[in-house]
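Visitor: Fold the stuff below for me.
(2 chains)
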Amino acid sequence: SQQGEEDPQALSIQEGENATMNCSYKTSINNLQWYRQNSGRGLVHLILIRSNEREKHSGRLRVTLDTSKKSSSLLITASRAADTASYFCAVVRGSTLGRLYFGRGTQLTVWP
Amino acid sequence: DGGITQSPKYLFRKEGQNVTLSCEQNLNHDAMYWYRQDPGQGLRLIYYSQIVNDFQKGDIAEGYSVSREKKESFPLTVTSAQKNPTAFYLCASSKTGEWISTEAFFGQGTRLTVV
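Guide: Got it, this is the predicted structure:
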């Protein structure tokens, strides 16, 4: 499959805990992006990491990329109930312009 | 405010009818995209356009058609040839179609139901 595949499919945690979601892919990529989707809404871009980068931070988000293992992880620290949403990774292949391949997402539920 | 607007939010279609979903952006983006999302699934690319008057088929283009006559607009028509059109449709745009260091901006989606 060209697309990213997230793991786990669902994650349920308490407020204040950290949430870690993983994404695996099978082809070489140009970059990998993480998006968030609240129920019934559009997607919102969270962070982009290029193939020559290993880690990026944005607020409470930390993304890592291991191109040798073809995997990425998204860590949300000190989770809040408002973080409840689906999280998708999407990969961009350098050879295919205009294509962003999405996985099926991880449904994160943060309980107050 | 700059953004991308989809309309309507909900749409009901009788079998055998064509329907058109609207997507407008005022972000001055060159590239626009249509995705389909089914329950528990990721997004699948229907069509994309990197520039006005040009568009390419995505992975599931059968039963759909698009036009890109204006930079701001990328309407999607779901034709009667689409056998299972009930889904959530998402429109997106980006500065360019090259994806090298660019993100996609999404509309709020249109939920299409066949009745």
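
Visitor: Do a quick rundown of the helices in chain B.
Guide: With helices called from DSSP state H, chain B shows none.

Visitor: On the strand side of things, show who the spatially most central residue of it bridges to.
Guide: Centroid check for chain B by C-alpha atoms, centre = their mean gives B:Trp34 as the closest residue, at 2.7 Å. Assessed by DSSP bridges, B:Trp34 has beta-bridge partners B:Tyr47, B:Cys91.

Visitor: and chain B, which of its residues are near chain A?
Guide: B:6, B:31, B:33, B:35, B:40-45, B:48, B:50, B:56, B:58, B:88, B:90, B:92, B:97-101, B:103-109, B:111 (C-beta under 8 Å from any C-beta of the partner chain). Glycine gets a C-beta too; all of them are placed from N, C-alpha and C.

Visitor: pLDDT below threshold where in chain A?
Guide: Residues of chain A that meet the criterion pLDDT under 70 lie in A:1-3, A:94-98.

Visitor: So which residues on it come close to chain B?
Guide: A:3, A:30-31, A:33, A:35, A:40-45, A:48, A:50, A:88, A:90, A:92, A:97-105.

Visitor: circling back to that earlier point, emit the PyMOL select command for whichever of the residues of chain B next to chain A are buried.
Guide: To isolate the buried ones among those in PyMOL, judged by 16 or more other C-beta atoms under 10 Å in any protein chain shown, type:
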select buried, chain B and resi 6+31+33+35+42+43+44+45+48+50+58+88+90+92+97+98+99+103+104+105+106+107+108+109
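
Visitor: Wait, the residue nearest to the centre of chain B touches B:Leu90, no?
Guide: Yes. Assessed by C-beta atoms under 8 Å, B:Trp34 is found in contact with B:Leu90 at 7.4 Å.

Visitor: how near is the residue nearest to A:Lys70 when sequence neighbours are not counted to chain B?
Guide: In this structure, A:Lys70 finds its nearest non-sequential neighbour in A:Tyr25, 5.2 Å apart by C-beta to C-beta, 6 or more residues apart in numbering or on different chains. Between A:Tyr25 and chain B the distance is 12 Å, computed by C-beta to the nearest C-beta, to the nearest Å.
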